[in-house]
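Colleague: Please work out how this folds:
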Amino acid sequence: MIWAPLLILLQSPPAKAAISGVVFNSDTPSPQAIFHAQVELVRGSDTFMALTDVHGQFTISDLAPGQYRITAVHDGFIRKLTTVTVMAGQQLPGVQIGLDEAPTLIGRIRDEYNVPVSNILVELMKPIFGPRGDRTVLSVVSALTDDHGEFHLCWLDPGDYYVRASSLPAKTIAQNSSLNAGYVATYAPYYYPGVRDPKDAAKVRIRLGKPTTFIDFQLQPAPDVSIGGIIYVEATGFKPDHALITARFAGESASSSRYSARSSGPPYPGQYTLPSMPPGTYIVSSQFVVDGQSMTVTRKTTVRATERSFMLQSSPGITVTGRVAPEAGTMSFRSVRISLESIDADLPGPSDVAIDSNGNFSLDRVVPGDYAISLQGLDNEAYLKFASSGGLDILAKPLRIDWKSPAPLEVVLGADGGRLDGIAYDGANRVSANSAVVLVPDAARRNRPDQYRTAVSDDDGKFLLRGIPPGEYKLFAWQTIEPNEYMDANFMAGNEGLGTPLMISANASATANIRVIPTE
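Modeller: Coordinates of the predicted model:
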């Protein structure tokens, strides 16, 4: 038998590409190289990294052809993102990445006699908004004042912030040898420019091109207050002894426990007192185990007088069940998840859960409070159309959870939503990447979080909104905006005239380009 030669054609893999460039300080009169900046290239699940040399230069080789997102990071500078595309075998040189210096906030805190005061905790607070636009604040960075009453908050991201100053607990100062011990006055939280109520606070604007911002304000001493009462299990009345109760100022990290105490044992079990606190709004919480079951409680309280009686009712949490169904026909719930978001952003909500193939769901360990319902992962043009519990509409008004499970939630999905695409442009008619695009419903529906649609424009300024409930809207795009800030009536009052009116019809597609509202 004679075998003919067997020819196997092997297809060579695409030649590898390379990207090189330089990272420099863009805030200096002449560009200055940044040494040891971290450069990261991302394409899909592939990540490549390099550090710049003394000349600010980097090279990343062995790259497959395609589009890469480049991120450059260095301490003291704002993270910079850009996108490049390379062809097979291409050696792409000269990528220029200019980093802006991260702003710094410097200030001085003085007492009622205009004397600088040390060991004051100064916090930069970012405004955050609940699912219905209720505003609160969240501490993002903090520092202590020195012997001259001065503080430095460095490497800040641009944005609008509030500044809060308050005294540390005397116990904290006494236990820390690095702090100046001695007489410690009690100062309640004050917000810049020297007000007690955060609603009266002035925003501090941190901007690129302004490397340093200075502020200065006074504190007033406050009498010590305390929170006390009894902690017990709501269902049985059991009062635990030695349960740890913690309190933190509203807006502080959930891991913070500025003040703490343990409940007493027999003959008066469950009693507790959190003493020597300045007046203010606190998040009080506790977690303990009874017969192998974890009990929790988290509550919010404002203390103005010398003492606040505060009963802590704990429980393993409430179970909320329900069913999701399409208005007509059938629908897959494979990727759909449901969640309850606390109306008060200072208080926790339960983790989201999956919906089974029959549309059933169960949310566990829900604490008493007011919640908004939310669905993620809906397919195609589906949207949340109606939701009720015990015959009560829970979209127009929050779902109130007390100490017993509510009537099962009945959730109805519409499948006739519209879609909207377009391009976001800046004031110079250039495409605007990473802008927040928001479709805001008409006035009659603005109390319903489920009626809004949001997206972030891509590198080409393009955006796509899907599953839009039919109706009248206004389209907005902001260079920067906090999540849910568009639900704050005061914020929208100053932006109302900048939106583009639109009508979204059932099962229809629309296109609208939008001018981005710049950060002031």
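
Colleague: Quick one: end-to-end length of stretch 454-465, please.
Modeller: End-to-end distance for stretch 454-465, by Cα to Cα, to the nearest Å: 7 Å.

Colleague: For that stretch, which outside residues touch it?
Modeller: 83, 419-425, 431-439, 453, 477 (Cβ atoms under 8 Å, 6 or more residues apart in numbering). Where you see a C-beta, it was placed from the backbone N, CA and C, and this is true even at glycine.

Colleague: The strand or helix carrying Val440: partners in the sheet, and parallel or antiparallel?
Modeller: Secondary structure from DSSP states H and E places Val440 in strand 436-441. Next to strand 436-441 in the sheet, as set by DSSP bridges, lie strand 453-456 (antiparallel), strand 471-478 (antiparallel).

Colleague: Now Ala489. Its backbone dihedrals?
Modeller: phi -60, psi -40 (degrees, to the nearest 10).

Colleague: returning to what we had before: reformat the strands paired with strand 436-441 into a markdown table and put mean pLDDT and distance to Ser264 next to each item.
Modeller: Shown next, in a markdown table, are those (pLDDT from 0 to 100; distance: least, Cβ to Cβ, whole Å):
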| stretch | mean pLDDT | distance to Ser264 |
| --- | --- | --- |
| strand 453-456 | 94 | 49 |
| strand 471-478 | 96 | 52 |
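
Colleague: just these: most buried one?
Modeller: Among the strands paired with strand 436-441, ranked by average contacts under mean count of other Cβ atoms under 10 Å, first place goes to strand 471-478 (a mean of 21).

Colleague: What lies in contact with it?
Modeller: Counting by Cβ under 8 Å, 6+ apart, 420, 422, 424, 432, 435-442, 445, 451, 457, 486, 495-496, 498-504, 512, 514-517, 519 sit against strand 471-478.

Colleague: secondary structure class for Pro240?
Modeller: coil (DSSP: H, G, I helix; E, B strand; the rest coil).

Colleague: I'd like the distance between it and Pro267.
Modeller: With distances taken as Cβ to Cβ, to the nearest Å, Pro240 is found 15 Å from Pro267.

Colleague: Which strand residues bridge Gly229?
Modeller: Tyr272.

Colleague: you'd agree it is up against Glu307?
Modeller: No: with contact defined as Cβ atoms under 8 Å, Gly229 does not reach Glu307; the gap is 9.9 Å.

Colleague: Can you pick out the residue with more neighbours from those two?
Modeller: Using other Cβ atoms under 10 Å as the criterion, Gly229 and Glu307 rank with Gly229 on top: 19 against 14.

Colleague: Please give me every residue in contact with that one.
Modeller: Contact analysis of Gly229 by Cβ under 8 Å, 6+ apart lists Gln271, Tyr272, Ser309, Phe310, Met311, Leu312.

Colleague: what sits up against stretch 400-407?
Modeller: Residues contacting stretch 400-407 (Cβ under 8 Å, 6+ apart): 234-235, 313, 315, 318-321, 340, 366-371, 389-391, 399.

Colleague: Sketch out the low-pLDDT regions of this protein for me.
Modeller: 1-13, 170-184, 520 (pLDDT under 70).

Colleague: rerun that using 50 as the cut-off
Modeller: 1-10 (pLDDT under 50).

Colleague: Walking through it, point out its helices one by one.
Modeller: 170-175, 489-493 (DSSP state H).

Colleague: how near is Asn513 to Asn495?
Modeller: According to Cβ to Cβ, Asn513 stands 18 Å off from Asn495.

Colleague: And Ser339, by the same measure?
Modeller: Note on Ser339: its distance to Asn495, by Cβ to Cβ, is 28 Å.

Colleague: do the same with Ile423
Modeller: Using Cβ to Cβ, we find Ile423 at a distance of 20 Å from Asn495.

Colleague: next one: Ala328
Modeller: 37 Å.

Colleague: cool, and Ala512?
Modeller: The gap separating Ala512 from Asn495 is 17 Å, by Cβ to Cβ.

Colleague: Next: Gly94.
Modeller: Distance from Gly94 to Asn495, counting by Cβ to Cβ: 40 Å.

Colleague: So if I had to pick from these two, which one is more boxed in?
Modeller: Asn495 (17 against 8).

Colleague: Tell me which entries of the contacts of strand 471-478 lie within strands.
Modeller: Among these, the members falling in strands (DSSP state E) are 420, 422, 424, 436-441, 500-504, 514-515.

Colleague: are any of these buried, and which?
Modeller: For those, a neighbour count by 16 or more other Cβ atoms under 10 Å gives the buried set as Leu420, Gly422, Ala424, Ala436, Val437, Val438, Leu439, Val440, Pro441, Leu502, Ile504, Ile514.

Colleague: Kindly reformat the residues you listed as a markdown table containing distance to Gln38.
Modeller: Formatted as a markdown table, these follow (distance: Cβ to Cβ, whole Å):
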| residue | distance to Gln38 |
| --- | --- |
| Leu420 | 38 |
| Gly422 | 35 |
| Ala424 | 29 |
| Ala436 | 27 |
| Val437 | 30 |
| Val438 | 33 |
| Leu439 | 37 |
| Val440 | 38 |
| Pro441 | 42 |
| Leu502 | 42 |
| Ile504 | 43 |
| Ile514 | 34 |
